[in-house]
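# Okay, predicted coordinates and the sequence, questions at the end:
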Amino acid sequence: MNIIIKEIHKKDKSAIKSLIAKNKYNPYANLGFYRDVDRLNNYYYELFFAGRNIKVLSAIHRNEIVGLLTFSISKWDSEVFGMKMAKLGYITAIGNYAVELAVKSKLIDNAIKHLRKQNTKHLLIRVASNDFSSIHALENNGFKIMDNLLTFILRERRIIFPEVERWFKVKKITKGELESAGDILTNSNFVGHYFVDPMIPVLKAKRMYRKWLEDKYEHPKDSDILVAKRRNKIVGCSFFSFNNLLKKYTGLETLHRGLIAVDPSAKGCSIALINAQIKRRKNLDFAEFETQTYNYGMMDIIQRLNMRLIRSRYTFHKVIK
């Protein structure tokens, strides 16, 4: 199969949207309560292709675009970890498994060559857990799996287990509370994908969460950071953002991809933080939560709250030599 890889301009919307429409792994595509495919496709284009620093590679076979891959340098991550890091973003191809595998492998290989010339040392990508052609193309190119991230939604706008409201005082974080909240984040029992990467020292991974918290406080940009106190001591911290891009194209009001960290002794604190975030929103369509498959504490809460699983993704890393 003769595949030609070319960089295309992200403003070539017709070609890009044609492949977006054929990608069965698009996020939110399986939301049973929202079925406007055209609006979702516009959302995908803006989310994955309209960024300022996004590069788009196309795979061409017999004068037809049969695959796309986006990539970009991760400036924030590069500064925090002290090496040039990048992300592969949207990846898709059309055809049977063998064709998809060949197209995606060539796209990934070309992106790596491009990034190696820029002295990039580390690559990250997330793909759907059932996107086997992408998974195998990544493995063939030396990527290693780092975690399995599950996304759940809660549609009911209700206070859960009201009794926990009496146990904790939940409020917006202040500058003087950043250090204590940072301790909760860095010492919590969840383990992110950077912690299991042997190239990244654990201390740098922990520092990343503290830096991330400080930056979100200084530049909130449609997000909330809440802390939970018990006997005037911070025992929990949560961060949620608003997916304003999804709202722009679909009208859906959401809490988006939250992070919750609590002191192990503060039973019920996670639920108190979730309640507080839900109470702060009006006309909420759904709240979205992400956790790793091995975060059994959060998985227990998710099952108790009867949340609905909408997405499962693997995180892959690669060291570029």
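Cool, got the structure.
# Which residue ranges of the stretch 51-200 of the chain form strands?
55-61, 64-73, 85-93, 122-128, 144-154, 169-172 (DSSP state E, counting those that start in this stretch).
# closest one to M299 among the ones you listed?
Closest approach to M299 among those (Cβ to Cβ): strand 144-154, 8.0 Å. (Glycine included, C-beta is placed from N, CA and C.)
# Report the buried residues of that closest one.
Residues 146-147, 149-154 are the ones in strand 144-154 that count as buried (16 or more other Cβ atoms under 10 Å).
# Just say which of the strands of the stretch 51-200 of the chain is most tucked in.
Each of the strands of the stretch 51-200 of the chain was scored by mean neighbour count; the highest is strand 85-93, a mean of 24, by mean count of other Cβ atoms under 10 Å.
# Where does the prediction get shaky in the stretch 151-300 of the chain?
The model of the stretch 151-300 of the chain has pLDDT under 70 over residues 157-159, 189-190.
# Which residue ranges of it form helices?
Assigned by DSSP state H, counting those that start in this stretch, the helices in the stretch 151-300 of the chain fall at 178-187, 202-218, 244-250, 269-279, 296-304.
# quick revisit: mind putting the strands of the stretch 51-200 of the chain into TSV with distance to D215?
TSV is the format used below for the strands of the stretch 51-200 of the chain (distance: least, Cβ to Cβ, whole Å):
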stretch	distance to D215
strand 55-61	25
strand 64-73	18
strand 85-93	16
strand 122-128	18
strand 144-154	21
strand 169-172	16
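# Those strands: which one's closest to E290?
E290 lies closest, by Cβ to Cβ, to one member of those: strand 144-154, at 5.0 Å.
# what lines up beside the closest one in the sheet?
Sheet pairing for strand 144-154, assigned by DSSP bridges, gives strand 286-292 (antiparallel), strand 308-319 (antiparallel).
# Nearest the geometric middle of the chain, what residue?
The chain has R257 as the residue nearest its centroid, 7.2 Å off, counting by Cα atoms, centre = their mean.
# tell me the contacts of it?
151, 240-241, 288-290 (Cβ atoms under 8 Å, 6 or more residues apart in numbering).
# So among those, which ones count as buried?
Using 16+ other Cβ under 10 Å, the buried ones in the contacts of R257 are 151, 240-241, 288-290.
# Make CSV from these and add distance to I234 to it.
Output for those, formatted as CSV (distance: Cβ to Cβ, whole Å):
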residue, distance to I234
T151, 27
F240, 17
S241, 21
E288, 25
F289, 21
E290, 23
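# what is the nearest residue to A287 once chain neighbours are set aside paired to in the beta sheet?
Nearest non-adjacent residue to A287, counting by Cβ to Cβ, 6 or more residues apart in numbering: L255, 3.9 Å away. Counting by DSSP bridges, L255 is bridged to F242, A287.
# Can you get me a residue count around L255?
23 (other Cβ atoms under 10 Å).
# That one contacts K279, correct?
No. Using Cβ atoms under 8 Å, L255 is not in contact with K279, being 11.2 Å away.
# Could you pull up the contacting residues of C269?
C269 sits next to 164, 167-168, 228, 230, 235-236, 262-263 when contact means Cβ under 8 Å, 6+ apart.
# Quickly note the distance from it to I65.
49 Å (Cβ to Cβ, to the nearest Å).
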